[in-house]
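Novice: what follows is a protein structure lacking sequence information:
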């Protein structure tokens, strides 16, 4: 006998195995060695979350009650997959080019990055999915119960029967842990959740084998093969059920629609898709999977009804049949299959919903609550990730409470169809959005609202019965006795199956209002741009632009981008763009094309509407106007006339022009500086000499004329002469050092050093411990231990200079200097970032020139050669030093090769 | 003699040297190190001569010179300019703004003393007796 | 969208074949749907058998289903082969398009 504890143990082992697999896949993905993990087969298997516990357990129950009708739920998706995956292909293509994060994001983005639509779809998805999650929890809990009943029959009776509620609670907690661990690793929609996808692909295999094994056992183990089975079917009450034609057709179409609009399906179909070509394989392989899952459903139902005692729950035949024949291994396999079906659905649904909730509800609220600051303080990534994690927990908690409230009632059995119908309301706006440019936001909002209302009134709320005020009295006579408004017979249409009634009314009214609203309203410019991009997604070689050149500071953009996608990635994005534009450093020109690319990159993390709103705040609302739209139209027309080559040439020209302009600016700057150099050097030399001469004359006069100087003055004056002479020497040394470095004649002692020691030495030399009084230095000691080939004294000289600069110039109340080191490929990056005012943009390009000091130099004491020397040293060591803008203070980055690069 | 010098300079060692040289000769020396407050100092202290450095924090010596000369009350005030850069175009610029004398650092103490004495003597010969009260009234109007 | 405006009148033989394959693929679900509905015509009160006709309906639906999957697989294979053979053929999706509404 299988004890309940053994079952729990098996379950835990299986769950830990899934954790291990997910973790392993994440690690492989991290190392870039995905291999077969990104094959079309994994993609196909991941689609199997369509088959939930409702399939695994429920399909048999469904067949036992309504015969062949259960097949409609799988026939709809089959039709979509085998013939109409061009709809999917378009969705996937749009999803990738627009970096769509969820179905709510798709709708919101298509209709002008509308926040309202994002919220609407999100709410609809949460309401529609929660009961479905409850259904999964219930089926897992029930399957546990089945086992423990079987296990306890002969032993102690009900004493050790597990509490269903407790089981469901543990399952919900475990699932949210999994979803949080593997579903919220990264933010970007284009970075896929390899761990989750691999785990659900594995679960897909387990449930497929589980159901197939039970089927084979039923047909060839209990029955006498296929022919015998057909005879049994004919004799069974299962085949005596009349098929209802309208229901049959409606359900087929409904399931096809739901396949496209269910949030979890959108997640695996579009968001997690790595390659459009995978659809080729999935196009026939996934229908085959569903075929396999359905093949033995009727035989199991027939045999179950035949063999098992009257009143057995047909929803549990998949478990009770093997148990009845003491096939415990088979029953355990089947149990794990059911467990897999439920868990994979819940995990993906929770991830999909949490993305929507955080991107369309939490983040917009959070942003509007701090609208006053245009440059966002705080790390937005942390907020979004936290929002997602909390949302996952909340979604699962909602599912659990729904399960508790509905108390495992019969109503749950109908939940699948109710959920399908609710989410299918997104279909008109979705298909209209990708195939019809005339579809507008107004139409979509009206259609969705009406469809949602009708669905809630005719299907969702009545499922709660009297609890929601839908007593039999209301159902029979309509609210307040208005018979025209009877929830299941709207406008006097009676005698129709309630499901068909609700589906037809809600979708028909939804579509009608959507089309009418679209025809009668006029879209805003952003909407028209987005519409054109979505509908003609295959035609546009480059995306149309959404931004006109406003007064945008590249530095502000970088600050924001860093907070959403992380500093390393944002910096490399900006650096690459600057390089493509032919500029140096980290700040590209904020061209419309760049702005558009940036927005899309951000949209991949926080959704289109939010990304658009955030950029809009920085650009002062310089989004598209009608004029821009016309300009884009003209531009597109011109592109037709020009060949690609011409375009490339003009790009090249623009790049060269930009380079020339920058070079010219720099030359002018340098020639002014050269001029200034002479007078600077003169000033620097003459100032100490003035004091020396004046005081030495005083001393000389005192000696010759006999006018006496007191001892104190004598000591003071000769002290001044001495100090100023030393100052002169220091200046000359620095100049000499610089000229040696510049000529490349410097002698370097290359040795292997631990970077940590060099930094340590530099900090000691500047008289600063870790808890220095005036300047606080924060370091990450563990990351500093990098061995590199370098000249330690020279490198320390650079560090000393940067530290003492921070000490001199950092104006913050409590000055803090962060020293961060990291490995970047074969290079090492060392960042020195203080919390002062930073360096104004126009000065950033000249600070490494000789004698360039900021503002009033006198009190700084140096001659303005420090950074010039640093730059030369870095250069001599085979690396570079650059100013790192947008760090909330002055930031310097030193790039060094880890091993010596021989010239 | 009791004549007053206003020294506008920010290098502490040079201040000390000039102060020593001039006070030994009987001048009373007042100091202003901040360029931005130099003009106020001239207005309130009514010096007989101003020694003005070019490189100053807050406001450059040239700018101070220009502003002082715009004010009729200081049109004839002797101003000796000191610079460590000694380029011709600096000298020309100072002259165009109406400097009284221009010296390049490093200077000899004797030259410095001589120049200051002669500038003040000259100013006395040509001065149209402007009373301090009138000068103050005018400067308020202009301010 | 106005198809005439952007595609040439005569297509190369290869892309012609490709287009017909796509046609077949788009029509496949419709045929599948019609065939799969046939059991609804079988049996009613008059013939004393239930609508759907028991085991016969079961066998029919699953045969049609499986057949459609096989055909879909074959079409996909043929399409991929065409695609691979004419990777450089760019008659269909690559033509740039101007489709801006005239701001009416």
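Specialist: Yep, that arrived. Remember, it's a predicted structure, so these values are computed and weren't measured experimentally.

Novice: which helices and strands does the strand or helix carrying residue B:44 pack with?
Specialist: Counting by DSSP states H and E, the element that carries residue B:44 is helix B:38-45. If contacts are counted by 3 or more CB pairs under 8 Å, 6 or more residues apart in numbering or on different chains; DSSP states H and E, helix B:38-45 sits against strand B:4-8, strand B:28-32, helix B:61-70. (Each C-beta comes from the backbone N, C-alpha and C, glycine too.)

Novice: and those, which is most packed in?
Specialist: Highest mean neighbour count of the helices and strands packed on helix B:38-45: strand B:4-8, a mean of 23 (counted as mean count of other CB atoms under 10 Å in any protein chain shown).

Novice: centre of the chain to that strand, how far?
Specialist: For strand B:4-8, the separation from the chain centroid amounts to 6 Å (computed by CA atoms, centre = their mean, to the nearest Å).

Novice: would you mind measuring from residue A:319 to residue A:207?
Specialist: Relative to residue A:207, residue A:319 is positioned 13 Å away (criterion: CB to CB, to the nearest Å).

Novice: residues shared between the contacts of these two?
Specialist: Residues touching both residue A:319 and residue A:207 by CB atoms under 8 Å, 6 or more residues apart in numbering or on different chains: residue A:338.

Novice: still on that earlier bit, buried residues in the helix holding residue B:44, which are they?
Specialist: Judged by neighbour count using 16 or more other CB atoms under 10 Å in any protein chain shown, the buried positions of helix B:38-45 are B:38, B:39, B:41, B:42, B:43.

Novice: so for the residue in chain B that chain C sits nearest to, what's the pLDDT?
Specialist: Across chain B, the shortest distance to chain C (CB to the nearest CB) belongs to residue B:63, at 55.6 Å. Residue B:63 is assigned 89 on the pLDDT scale.

Novice: just give the nearest non-adjacent residue to it, would you?
Specialist: Closest residue in space to residue B:63, ignoring its immediate chain neighbours: residue B:35 at 7.7 Å, by CB to CB, 6 or more residues apart in numbering or on different chains.

Novice: and for residue A:578?
Specialist: Of all residues beyond its chain neighbours, the one nearest residue A:578 is residue A:588 (4.0 Å), with distances taken as CB to CB, 6+ apart.

Novice: pLDDT wise, what is the residue most central in space within chain B at?
Specialist: Centrality entry for chain B: nearest residue to the mean C-alpha point is residue B:50, 1.8 Å, by CA atoms, centre = their mean. Residue B:50 carries a pLDDT score of 91 in this model.

Novice: where's it, which helix or strand?
Specialist: Going by DSSP H and E, residue B:50 is in strand B:49-53.

Novice: and if you look at residue A:304?
Specialist: Once you assign secondary structure using DSSP H and E, residue A:304 falls within helix A:297-307.

Novice: so after that helix, what's the next helix or strand?
Specialist: Taking DSSP H and E as the definition, the helix or strand that follows helix A:297-307 towards the C-terminus is helix A:317-324.

Novice: tell me what that following helix is packed against?
Specialist: Taking 3+ CB pairs under 8 Å, 6+ apart as the contact cut, helix A:317-324 packs with helix A:59-66, helix A:115-152, helix A:194-216, helix A:297-307, helix A:328-357.

Novice: who are the packing partners of the first one?
Specialist: Based on contacts counted as 3+ CB pairs under 8 Å, 6+ apart, the elements that helix A:59-66 packs against are helix A:297-307, helix A:317-324.

Novice: and the ones you listed as TSV, adding mean neighbour count and distance to residue A:524?
Specialist: As requested, these are arranged in TSV below (neighbours: other CB atoms under 10 Å in any protein chain shown; distance: least, CB to CB, whole Å):
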stretch	mean neighbour count	distance to residue A:524
helix A:297-307	24	49
helix A:317-324	24	53
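
Novice: including mean pLDDT, could the ones you listed go into TSV?
Specialist: Written out in TSV, the entries for those read as follows (pLDDT from 0 to 100):
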stretch	mean pLDDT
helix A:297-307	86
helix A:317-324	86
